[in-house]
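Peer 1: The amino acid sequence is not available; the structure is as follows:
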């Protein structure tokens with residue numbers, strides 16, 4: 001989850017000192033239906049605000065499902081652990097690159113992922129490997145930034161959707177009936193991916209485009225698995241027959 005409004009540094013000619021990724025946002029304008037001019041940068045920030053709102057709530061359905069059902073089948077501890085660490089990396093990236101809008105949403109994501117990890121552990125899931133994987137990802141991210149800089153780290157963070165969404169895809173597809181997976185979380189994740197991908201196009205930020213497209217594709221795979229196994233999930237969640245019939 002990243003994005004937001006980036007402060008632009010101008011040189012004396014107003015363009016030469018502007019960051020290339022934002023140059024288009026300073027010159028293109030589009031008319032609104034009321035006849036006013038809305039800059040592309042303003043429109044991009046509006047998209048970011050909507051995406052941020054989705055980010056705030058996307059993990060909440062998973063938390064609610066774990067609290068209500070106390071079933072973990074198909075839910076991935078690695079998704080929660082690595083997701084928490086990657087969002088810590090995004091905090092560092094957006095501060096360094098001056099994308100401010102989504103800092104509250106990223107903080108909310110860190111807390112939400114941490115809560116999911118705790119609930120998975122409390123309900124009997126083995127989280128040891130997931131915690132170790134999260135630590136490894138964190139150490140690798142710090143090393144990458146020190147060696148290659150913020151731009152490379154941002155690109156890798158965008159590509160790293162596979163690191164934490166990938167385990168969720170694997171866990172959902174290997175589960176006979178993934179009753180522990182909240183469908184609404186993945187609908188919101190797919191929607192968030194579309195919004196951030198579009199925002200990345202508007203501000204010409206490749207890491208954000210990569211983030212959005214991979215989030216959408218991986219969420220779609222999980223939703224496909226939930227649709228394929230919908231009858232099994234319904235059977236698992238059906239109340240027991242009072243007659244005792246099989």
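Peer 2: Done, it's in. Source: prediction; values computed, not measured.
Peer 1: where in this structure is pLDDT low?
Peer 2: 1-38, 101-102, 241-246 (pLDDT under 70).
Peer 1: For it, which segments count as helices?
Peer 2: 20-27, 40-57, 60-69, 77-97, 103-122, 128-148, 150-159, 161-174, 183-203, 206-228, 230-237 (DSSP state H).
Peer 1: could I get those as a markdown table with mean neighbour count?
Peer 2: (C-beta placed from N, C-alpha, C; glycine too.) A markdown table is the format used below for those (neighbours: other Cβ atoms under 10 Å):
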| stretch | mean neighbour count |
| --- | --- |
| helix 20-27 | 16 |
| helix 40-57 | 20 |
| helix 60-69 | 17 |
| helix 77-97 | 23 |
| helix 103-122 | 19 |
| helix 128-148 | 15 |
| helix 150-159 | 20 |
| helix 161-174 | 20 |
| helix 183-203 | 22 |
| helix 206-228 | 20 |
| helix 230-237 | 13 |
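Peer 1: How far away from the center of its chain is stretch 81-88?
Peer 2: 10 Å (Cα atoms, centre = their mean, to the nearest Å).
Peer 1: what sits up against it?
Peer 2: The contact list for stretch 81-88, computed with Cβ atoms under 8 Å, 6 or more residues apart in numbering, reads 1, 106, 109-110, 113-114, 117, 127, 130-131, 133-135, 137-138, 141, 157, 160, 163-165, 167.
Peer 1: ditto for stretch 152-162
Peer 2: Residues outside stretch 152-162 that contact it (Cβ under 8 Å, 6+ apart): 2, 86, 89-90, 92-93, 97, 137, 141, 144-145, 206-211, 214-215, 218.
Peer 1: I'd like to know how far residue 153 sits from residue 177.
Peer 2: As judged by Cβ to Cβ, to the nearest Å, residue 153 and residue 177 stand 39 Å apart.
Peer 1: let me redo that: residue 134
Peer 2: 27 Å.
Peer 1: try residue 133
Peer 2: Residue 133 is 25 Å from residue 177, by Cβ to Cβ.
Peer 1: Straight-line length of stretch 171-182, end to end?
Peer 2: End-to-end distance for stretch 171-182: 13 Å, by Cα to Cα, to the nearest Å.
Peer 1: Stretch 94-106 too?
Peer 2: OK, stretch 94-106 end separation, Cα to Cα: 10 Å.
Peer 1: how far out from the middle of the chain is it?
Peer 2: Put simply, stretch 94-106 sits 14 Å off its chain's centre (Cα atoms, centre = their mean).
Peer 1: so what's the nearest residue to residue 96 once chain neighbours are set aside up against?
Peer 2: Take residue 96 and drop its neighbours on the chain: the residue closest to it by Cβ to Cβ, 6 or more residues apart in numbering is residue 150, 4.7 Å away. Going by Cβ under 8 Å, 6+ apart, residue 150 touches 93, 96, 97.
Peer 1: Which of those sits closest to residue 234?
Peer 2: residue 93 (41.3 Å; Cβ to Cβ).
Peer 1: I'd like to know how far the closest one sits from residue 150.
Peer 2: 6 Å.
Peer 1: what's the answer for residue 164, then?
Peer 2: Note on residue 164: its distance to residue 150, by Cβ to Cβ, is 20 Å.
Peer 1: swap in residue 192?
Peer 2: Residue 192 sits 23 Å away from residue 150, going by Cβ to Cβ.
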